[in-house]
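*Asks:* Sequence and predicted structure, then a few things I'm wondering about:
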Amino acid sequence: YRNLQFRFNESNGPGYTELILGLPGETYETWMKGIEELLQAGIKNQIFVYQCEVYPNTELSDPEYMKKFGIITNRIRLTEIHGAIRQEGLITEYQDIIVTTNSMSLEDWRKMCLIAWMTMVLHSLKLSFFLLTYLVDRFRIPFVDFISYLSEGRFPAGSGKIIREELRLFQKQCDRLLEGYGRGHELAEFGGIYWDEEEASFLRISKKLDEFYLELFDLTKRFLEEKNISYNEWELQEAIQYQKLRIPTLLPPHSREYHFNHNFPEYFETRLIDNAQPLIYAPQVLTLHPKDYRGEPAHYARETILWGRKSGTMLTKVSWRNQISEEAVAVG
């Protein structure tokens, strides 16, 4: 699997992996271990996490099988993700999802949902993809350490306002699912369709990216300090600056060229291929080639998520050059 991932990355192929949350035998510990193994395998594009659904005439719905594994389901309304919002008068459809098993308590299910949503927001939807890569490579910490630090809200009260609000909404979504509401979110300004939980989070954060990345810088420093890990603040700041620049914005940025003291453009572009380049002090210039979404939220959401998520084209295109040699390199 790891070899396949590197081949996809080298050819710029949009590979993705799907996980099912709540399968019989899964525990909170195996769930965390599985996510870590996938991220360590070098997946560059997407991890999708789906609730485990139980359908008639399948083994999961067999009463003896359910009894053997302690399966308890919850019925929720069907809200077709990326489908048009259901109008009044349509027949209501339902789906059954697993929320408890012998190896997964209801509280475990909630924690697993939170870590899944946070993983997809930070990694799959790219809001912290490069920062995570940097932290794991530079400081040899597991991916899930930082993800769980954020998803469990272990940072001090008064910090991380945006992420704390998203955590509140994540918890509310768990409550809504247990109350029988559907998965889909309605965000009128982004079009008349249903969005998945992590996608709604991305779209909310996209409206305040400057504030989000200031918070993320502060939370990353707190995380490293709590682990007694020494770090270079200027280097970390550049890593987050690169991360922020690769996220598409509703309106084109004022500036298109950015100077880095370290070779972050080259470092991040080669990190997940066999010919990975080390991070060194070597000035490089990054040039942005952003799409123009015309300031229209629905257009922005359609291109970044509907079209861009599985195709691997979510990120802003860039090119870079060494500041001394002026040799230009394009990044897809």
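*Replies:* Nice, thanks for sending it over.

*Asks:* Quick check: the residue of the chain positioned farthest from its centre vs residue 71, distance?
*Replies:* Distance from the centre of the chain peaks at residue 64, with 36.9 Å (CA atoms, centre = their mean). From residue 64 over to residue 71 the distance is 11 Å, taken as CB to CB, to the nearest Å. In short, each C-beta sits where N, CA and C put it, glycine included.

*Asks:* Tell me the backbone dihedrals of residue 318, please.
*Replies:* phi -140, psi 160 (degrees, to the nearest 10).

*Asks:* pLDDT wise, what is it at?
*Replies:* Per-residue pLDDT puts residue 318 at 95.

*Asks:* didn't it look like it was pressed against residue 247?
*Replies:* No: if you go by CB atoms under 8 Å, residue 318 and residue 247 don't touch, sitting 11.5 Å apart.

*Asks:* got the CA positions of the helix or strand harbouring residue 209 in PDB?
*Replies:* Using DSSP states H and E, residue 209 sits in helix 209-226. Provided in PDB are the C-alpha atoms of helix 209-226 (Å, rounded to 0.1, in the frame of the first residue of the first chain):
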ATOM      1  CA  LEU A 209      -8.500  31.900   7.100                       C
ATOM      2  CA  ASP A 210      -6.200  34.700   8.500                       C
ATOM      3  CA  GLU A 211      -7.600  34.300  12.000                       C
ATOM      4  CA  PHE A 212      -7.600  30.500  11.700                       C
ATOM      5  CA  TYR A 213      -3.900  30.300  10.800                       C
ATOM      6  CA  LEU A 214      -2.900  32.800  13.600                       C
ATOM      7  CA  GLU A 215      -4.700  30.500  16.000                       C
ATOM      8  CA  LEU A 216      -3.100  27.400  14.500                       C
ATOM      9  CA  PHE A 217       0.400  28.900  14.900                       C
ATOM     10  CA  ASP A 218      -0.300  29.600  18.600                       C
ATOM     11  CA  LEU A 219      -1.800  26.100  19.200                       C
ATOM     12  CA  THR A 220       1.100  24.400  17.400                       C
ATOM     13  CA  LYS A 221       3.600  26.200  19.600                       C
ATOM     14  CA  ARG A 222       1.600  25.300  22.700                       C
ATOM     15  CA  PHE A 223       1.500  21.600  21.600                       C
ATOM     16  CA  LEU A 224       5.300  21.500  21.000                       C
ATOM     17  CA  GLU A 225       6.100  23.200  24.300                       C
ATOM     18  CA  GLU A 226       3.800  20.900  26.300                       C
END
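
*Asks:* Show me what counts as buried in the next helix or strand after that helix.
*Replies:* Using DSSP H and E, the helix or strand that follows helix 209-226 in sequence is helix 233-245. Within helix 233-245, the residues that count as buried by 16 or more other CB atoms under 10 Å are 236, 238-240, 242-245.
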